[in-house]
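In: 3D model of this:
(one chain, ligands or ions: 1)
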Amino acid sequence: MSTEPNLINSNTNPLSLFEEWFEEAKKSEINDPNAMNLATISSDGKPNSRIVLLKSYNSRGFIFYTNSNSKKGRALENNTNVALNFHWKSLQRQIRIEGAVSVIDNYEADEYFKSRPLGSRIGAWASMQSEELDDRSSLLHRVREFEKKFQNTNISRPPHWNGYVVKPNLIEFWQDMPFRLHDRVEFKKVESKWVSRKLFP
Ligand SMILES: Cc1cc2nc3c(=O)[nH]c(=O)nc-3n(C[C@H](O)[C@H](O)[C@H](O)COP(=O)(O)O)c2cc1C
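Out: Predicted coordinates for the structure are as follows:
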């Protein structure tokens, strides 16, 4: 067992290791290698989760965009503790991240918003994400209304559409191994340094 190949390197920076695995996932996943589960806690203490797309990551953390008035937006406002989970089936790997979320600055969100396709920018205005929709025609009606409103003008970023950054304090790497003797390494921030340990599968 001690000679098993390709064990996770626990003497590395977890953000570099994230990058390495993410680059591999981009090559092997059939779609959305940047899809991640985002778990939040509501004001009445209930957990909830959904998939969002990782749009960038850097030394500050992991960035995604969403509607701040949505169910998740309200949960994030109430409790900044979140968890992310990437599962790359093609690689039989999982990365779990825990951390605290904050809203990114307006300039950065504006820049990203501008880069989105026209339809997605209109959609961000038209969708009252997580609100009850009586009929799909109401959504399409709102799309047409906003198309009219923004005809021949710049589509500004809706004030309720924001970027969020998750600053990680724990990152766990999981790699499938034979006989369910999976390999797990957890990195935890302790006094601003990453400390690693292996975990039983
Ligand atoms: C592959 C995939 C990617 C998604 N990406 C996003 C995203 O980046 N931002 C977002 O707000 N919702 C995204 N969604 C939709 C969310 O999963 C969810 O339905 C929506 O945000 C409403 O969630 P809420 O009611 O908990 O706020 C995505 C869904 C899937 C399946």
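In: CA only for contacts and neighbour counts going forward, please
Out: Will do.
In: Okay, the residue most central in space within the chain and the ligand: tell me how far apart.
Out: Centroid-nearest residue in the chain, with Cα atoms, centre = their mean: Leu54, separated by 4.3 Å. According to Cα to the nearest ligand atom, to the nearest Å, Leu54 stands 7 Å off from the ligand.
In: Now the helix or strand hosting Ala109: average pLDDT?
Out: Ala109 belongs to helix 106-115 when assigned by DSSP states H and E. Regarding helix 106-115, the rounded mean pLDDT is 98.
In: list the buried ones in it?
Out: Ala109, Asp110, Phe113 (16 or more other Cα atoms under 10 Å).
In: out of the residues you listed, who's nearest the ligand?
Out: Relative to the ligand, the closest of those is Phe113; by Cα to the nearest ligand atom it sits at 12.1 Å.
In: and that closest one, what is it in contact with?
Out: By Cα atoms under 8 Å, 6 or more residues apart in numbering, the contact list for Phe113 reads Arg121, Arg157.
In: do the helix holding Ala109 and the ligand meet?
Out: No. Against the ligand, helix 106-115 shows no contacts by Cα under 6 Å from any ligand atom, the least distance being 12.1 Å.
In: Run through who's touching whatever helix or strand comes next after that helix.
Out: Using DSSP H and E, the next helix or strand after helix 106-115 towards the C-terminus is helix 118-126. The contact list for helix 118-126 (Cα under 8 Å, 6+ apart) reads Asn67, Phe113, Lys114, Leu139, Arg142, Val143, Phe146, Glu147, Ile155, Arg157, Pro158, Trp161.
In: Please see if helix 118-126 touches the ligand.
Out: No. Helix 118-126 lies apart from the ligand when judged by Cα under 6 Å from any ligand atom; the minimum separation is 9.3 Å.
In: Can you list the buried residues in that helix?
Out: Neighbour-count burial for helix 118-126 [16+ other Cα under 10 Å]: Arg121, Ile122, Gly123, Ala124, Trp125, Ala126.
In: repeat for stretch 149-166
Out: So stretch 149-166, judged by 16+ other Cα under 10 Å, has buried residues Ile155, Arg157, Trp161, Asn162, Gly163, Tyr164, Val165, Val166.
In: Kindly report the same for stretch 55-73.
Out: Neighbour-count burial for stretch 55-73 [16+ other Cα under 10 Å]: 57, 61-70, 72-73.
In: Tell me which of the residues you listed fall in strands.
Out: Judged by DSSP state E, the subset of the buried residues of stretch 55-73 located in strands is Tyr57, Gly61, Phe62, Ile63, Phe64, Tyr65, Thr66, Asn67.
In: Each with direction, which strands does the longest strand seen in the chain pair with?
Out: When the chain is parsed with DSSP E, its longest strand is strand 161-175. If you go by DSSP bridges, strand 161-175 pairs up with strand 61-67 (antiparallel), strand 93-103 (antiparallel), strand 183-190 (antiparallel).
In: Quick one: closest of those strands to the ligand.
Out: Nearest to the ligand among the strands paired with strand 161-175 is strand 61-67; the distance by Cα to the nearest ligand atom comes to 3.7 Å.
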